[in-house]
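*Asks:* Any chance you can model this:
(chains A and B)
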Protein chains: 2
Amino acid sequence: MAYNKFNVFHWHIVDDPSFPYQSRTFPSLSSKGAFHPMTHIYTQSDVRRVISYARLRGIRVLPEFDSPGHTDSWGKGQSDLLTPCFRRGTPSGSFGPVNPALPSTYQFMARLFKEVSSVFPDSYIHLGGDEVDFSCWKSNPYVRTFMHKMGFGVDFKKLQAFYMENIMNITSALNKTSIVWQDVFDYHERITPMVEVWRQGCYLCEVRKVAKAGIRVILASPWYLDQPGPTRNWAHYYTVWPLAFKGTEEQKKLVIGGEVCMWGEYVDATNLTPRLWPRASAAAERLWSDEKQTSSLDKAFPRLQDFRCKLVRRGIQAEPLYIGHCKHEYQDV
Amino acid sequence: MAYNKFNVFHWHIVDDPSFPYQSRTFPSLSSKGAFHPMTHIYTQSDVRRVISYARLRGIRVLPEFDSPGHTDSWGKGQSDLLTPCFRRGTPSGSFGPVNPALPSTYQFMARLFKEVSSVFPDSYIHLGGDEVDFSCWKSNPYVRTFMHKMGFGVDFKKLQAFYMENIMNITSALNKTSIVWQDVFDYHERITPMVEVWRQGCYLCEVRKVAKAGIRVILASPWYLDQPGPTRNWAHYYTVWPLAFKGTEEQKKLVIGGEVCMWGEYVDATNLTPRLWPRASAAAERLWSDEKQTSSLDKAFPRLQDFRCKLVRRGIQAEPLYIGHCKHEYQDV
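*Replies:* Alright, predicted model coming up:
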C-alpha cells in the first residue's frame, strides 16, 4: 500500500460468515462466531501489530464494524442481539439484522464500541449500515409494535435511521467521527458526518447529492477489485473523474478521497496480491496526481508497466499488464 | 497437473513476441528472437528437465511450434523466413507470416523439426496453423506470382493449406503425428490427422464437422482460462458435454480429449497458479469421471472445495471458490 501511496487501510474486520476480532469485553463473539476460535481470529496483539506496522508506513488503520446488517456471525456469541425472524406468527428459528427495538442492543454496542475506540486510535470509525434486509424486521411482531410506538408507521427506513443514529451517537460520544455506506444517507434525513459511495450505476449522481447536503464523501464505486476483471481494467481507472459533477467549489472540496475495495468472497491469501496489484496502482496514481498529467492512457501504460516491475522486484506478486518481461530479470547478466 | 489427472502438457513454446526455445541447429532463433538471449530462454537442458519431471508424474510433453502465423519472433534470427509485406509496390519494411513461396522455407523447417522431433520424444507434435493474417501475403507480388504458378488463383486458404501440407509431410516423415488448430481443417480439403477446436461459438458444430470427416478431435473452446473470469466459472465447466452432437458411435470415439488453455498475455508466474486452480480441476473432473455421477453442481461444489483445500495443503496456491476456510488450517490445534 505504501509503495502506491495508499494511506488509509479500511479494515472490514467482521461480517456475516465470521467474527474474527477477538474482543476483550465480549470474547464469545469470536470464540463462537469466528471460523475457528484460536486460529482464525485477530487477537488484540495481532491488531496492535497491524496498526503499528501500518503507522510506520504512513498508513492509518480504520476499522469497520458493520451493522445492523452483515451481522450473522455476531449472533452466535451474543444472544438477543439479532432479530428473531417469524413465519406465520411464530419464530422461524432464523435471525435477521441486529434488533433495533431492544435497549440491550444499544448497551451492548456502547460497550463494544468503547473497546473498539480504544483499540483503534484513528479518529474515524466505519459503522457500515449497508444492504439491510428489512424482511426479518417486517416479520417480527415486537419490532412492528416498537415501530408503531415510535411513530415510524411501516417505514423500515426510519427504523434503520433510528438505529444508525443511536450508533453514531455512541461513537461520537467516544470522540470518533463515523463513516457510513451510502444506504444510510439515502434513508436518513438527518446529517451523517461522512458517506462512502459504493453502488454501481450513476455514482457521481450520488456523490453530488451527498456533497449538496454538505456532507463529506468518499468514492469507492468505480474501484471494486474483488471481482476478477481483466488486468486491463486499469485503463478504466484512469478515466474516473470523481469531481466531474455539477457543484460549487465548496461542494467539490467535500469529496475527500477515493477507496479501492477488495472483498473476500473470492479472494484470500492465495490470490490477493495479483488481483490487487497493479490495478490498484492505477487508481492510486490517478487520484494522487495532476489529472491533466495522468489522463493519457498511452503515456500511463509504459509508466504502469515500469511500476509493476518495480513492485515485482520488491517481492510483490503484481500480475502482468500485458505480454513482456521486466528488465530487472536480467540485471546482473 | 498430476494432482488433477491432466496427462498431457501442451507446451506452446514459441509465439510472436518471443522465441525462447534454444535450438542447437539454429541458435540465432533464441539469441535474437527471445526477450533476452541468456535469461529468457529454455535451454536444451531446461527442456529435458521439464520432460523428465513430467514423465515421472505420468504427463507427456507435446510441443507446439506454431506457423505460418504467430512467428514474428522467428524472423529476428532467421532472415528470408517471413514474408516481406509490400505497400504500393515496394517493401514496407514489416513482415508477415512465414513465406510459403520459397523452397528455403521448407529446408529450414525440415531441419528445425528434425531437431524438435528428437528433443521431444512424444509421438505427437502440434503445428499450429491458427489465425493466419493473409494481408501481407496478398501485398507481396512474389507470393502472388507463386500462387498463380501453383494454380491457387487468389485463394489464400489454398496457399495456407499448401504450406501446412508441406509441414505435415516433414513431420510425418519424422514419425510424428501432427495436430493443428481448427483453422487448418476449415481451409483444408485434405485429411489432417488431428484437429484442435478452439473457437468460441458453436464449438460442437465444429467438433461434429471434424468427426464426420473421420478425423480425431481435441476440444479446447470452453476451457480458456487465461481471461480472468469469476472463479465460479467452474460451474460452467461442469455443463460442457463434448459428445452432445449428432453423430455415430464411431464418430464420437474420434473425440479423444479436452484441453484447458492458459495463454500468456495476462498471466505469468505472479498469477498463474490461482488463475489456473481450482477452475481447471473442474474441467478435469468432468472429463475424467462418469458424466452421470458428476453433473450435479450442488454435489460438485463441496467436492471441489475439499479438493481445493487439498491443493492448498500441498502448497498449490489455488484460489478460493467462495467464502470459507480449509480445515487443515487448524489441524494441529
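*Asks:* Skip ahead from the host helix or strand of A:M168 and say which helix or strand is next.
*Replies:* According to DSSP states H and E, A:M168 maps onto helix A:156-173. Later in the chain than helix A:156-173, the nearest helix or strand by DSSP H and E is strand A:177-181.
*Asks:* CA atoms only for that next one, dumped as PDB, please.
*Replies:* Taking C-alpha atoms only, strand A:177-181 is exported to PDB below (Å, rounded to 0.1, in the frame of the first residue of the first chain):
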ATOM      1  CA  THR A 177     -16.100  10.600  13.500                       C
ATOM      2  CA  SER A 178     -18.300   8.000  11.900                       C
ATOM      3  CA  ILE A 179     -18.400   6.900   8.200                       C
ATOM      4  CA  VAL A 180     -21.300   5.000   6.800                       C
ATOM      5  CA  TRP A 181     -22.200   3.500   3.400                       C
END
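*Asks:* what comes into contact with stretch A:93-109?
*Replies:* For stretch A:93-109, contacts defined as C-beta atoms under 8 Å, 6 or more residues apart in numbering or on different chains pick out A:26, A:67-69, A:71-72, A:74-75, A:78, A:80-85, A:132-133, A:135-137, A:139-140, A:142-143, A:145-147, A:159-160, A:162-163, A:166-167, A:170. From N, CA and C alone the C-beta is placed, and that goes for glycine too.
*Asks:* mind running it again at 7 Å?
*Replies:* Contact partners of stretch A:93-109, identified using C-beta atoms under 7 Å, 6 or more residues apart in numbering or on different chains, comprise A:67-69, A:71, A:75, A:78, A:80-85, A:132-133, A:136-137, A:142-143, A:146, A:159, A:162-163, A:166-167, A:170.
*Asks:* what does the stretch 201-333 of chain A put close to chain B?
*Replies:* For the stretch 201-333 of chain A, the contact set with chain B under C-beta under 7 Å from any C-beta of the partner chain comprises A:227-231, A:264-266, A:268, A:270-271, A:274, A:312, A:317-320, A:322-323, A:325, A:329-330, A:333.
*Asks:* hmm, 6 Å instead?
*Replies:* Where proximity means C-beta under 6 Å from any C-beta of the partner chain, the interface of the stretch 201-333 of chain A facing chain B comprises A:228, A:231, A:265-266, A:268, A:270-271, A:274, A:317, A:319-320, A:323, A:325, A:329-330, A:333.
*Asks:* and A:C205, how many residues sit next to it?
*Replies:* 11 (other C-beta atoms under 10 Å in any protein chain shown).
*Asks:* Kindly apply the preceding question to A:V333 instead.
*Replies:* By other C-beta under 10 Å, 9 other residues sit near A:V333.
*Asks:* Kindly report the same for A:Q44.
*Replies:* Number of residues near A:Q44 (other C-beta under 10 Å) recorded here: 13.
*Asks:* Filter the contacts of stretch A:93-109 down to the buried ones, ChimeraX style.
*Replies:* Typed into ChimeraX, the next command selects the buried ones out of those (criterion: 16 or more other C-beta atoms under 10 Å in any protein chain shown):
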select /A:67,68,69,71,75,78,81,82,83,84,85,132,136,137,143,146,159,162,163,167,170
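*Asks:* Just the contacts of stretch A:93-109: which are in strands?
*Replies:* A:82-85 (DSSP state E).
*Asks:* okay, these in TSV with pLDDT next?
*Replies:* As requested, these are exported to TSV (pLDDT from 0 to 100):
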residue	pLDDT
A:L82	98
A:T83	98
A:P84	98
A:C85	98
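*Asks:* Closest to B:V207 out of those?
*Replies:* Proximity of the ones in strands among the contacts of stretch A:93-109 to B:V207 was ranked by C-beta to C-beta; the top entry is A:C85 with 50.2 Å.
*Asks:* ok, now which ones touch the closest one?
*Replies:* Going by C-beta atoms under 6 Å, 6 or more residues apart in numbering or on different chains, A:C85 touches A:92, A:94, A:96, A:136, A:139.
*Asks:* Leaving out the residues flanking it, which one is nearest to it?
*Replies:* A:C136 (4.0 Å; C-beta to C-beta, 6 or more residues apart in numbering or on different chains).
*Asks:* That neighbour reaches A:F86, doesn't it?
*Replies:* No. Between A:C136 and A:F86 there is no contact under C-beta atoms under 6 Å: 8.2 Å.
*Asks:* just to revisit the earlier point, using neighbour counts, trim the residues of the stretch 201-333 of chain A next to chain B to the buried set.
*Replies:* Applying 16+ other C-beta under 10 Å to these flags A:228, A:231, A:265-266, A:268, A:270-271, A:274, A:317, A:319-320, A:325 as buried.
*Asks:* I'd like the distance between the residue lying closest to A:K246 once chain neighbours are set aside and chain B.
*Replies:* In this structure, A:K246 finds its nearest non-sequential neighbour in A:R208, 6.6 Å apart by C-beta to C-beta, 6+ apart. Look at A:R208 and chain B: by C-beta to the nearest C-beta, to the nearest Å, they are 32 Å apart.
*Asks:* Also A:W288?
*Replies:* 24 Å.
*Asks:* what's the answer for A:T192, then?
*Replies:* For A:T192, the distance to chain B - C-beta to the nearest C-beta - is 29 Å.
*Asks:* Pull the number of nearby residues for that residue.
*Replies:* So A:T192, with other C-beta under 10 Å, has 23 neighbours.
*Asks:* Doesn't it lie inside a strand?
*Replies:* No. Read with DSSP: H, G, I helix; E, B strand; the rest coil, A:T192 is coil and lies in no strand.
*Asks:* what residues are up against it?
*Replies:* Taking C-beta under 6 Å, 6+ apart as the test, what A:T192 contacts is A:180, A:184-185.
*Asks:* Tabulate those (JSON lines), appending neighbour count, distance to A:H12 and pLDDT.
*Replies:* Output for the contacts of A:T192, formatted as JSON lines (neighbours: other C-beta atoms under 10 Å in any protein chain shown; distance: C-beta to C-beta, whole Å; pLDDT from 0 to 100):
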{"residue": "A:V180", "neighbour count": "23", "distance to A:H12": "13", "pLDDT": "97"}
{"residue": "A:V184", "neighbour count": "27", "distance to A:H12": "16", "pLDDT": "95"}
{"residue": "A:F185", "neighbour count": "24", "distance to A:H12": "19", "pLDDT": "95"}
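*Asks:* tell me the pLDDT at the closest residue to A:V14 other than its chain neighbours?
*Replies:* Nearest residue to A:V14, sequence neighbours excluded (C-beta to C-beta, 6+ apart): A:Y21, at 5.6 Å. pLDDT, A:Y21: 98.
*Asks:* Any idea how many residues pack against A:Y21?
*Replies:* 25.
*Asks:* Restricting the selection to alpha carbons, write the lowest-mean-pLDDT helix or strand in chain A to CSV.
*Replies:* One helix or strand of chain A scores below all others by mean pLDDT, DSSP states H and E: helix A:291-294, with a mean of 84. The C-alpha atoms that make up helix A:291-294 are tabulated as CSV, following Å, rounded to 0.1, in the frame of the first residue of the first chain:
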residue,chain,number,x,y,z
GLU,A,291,-5.3,14.9,-13.6
LYS,A,292,-4.0,16.7,-16.7
GLN,A,293,-0.7,15.0,-16.5
THR,A,294,-2.1,11.5,-15.9
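*Asks:* So which elements touch that helix?
*Replies:* Helix A:291-294 sits against no helix or strand, with contacts defined as 3 or more C-beta pairs under 6 Å, 6 or more residues apart in numbering or on different chains; DSSP states H and E.
*Asks:* Among the ones in strands among the contacts of stretch A:93-109, which one sits closest to B:F35?
*Replies:* Nearest to B:F35 among the ones in strands among the contacts of stretch A:93-109, with distances taken as C-beta to C-beta, is A:L82, at 57.2 Å.
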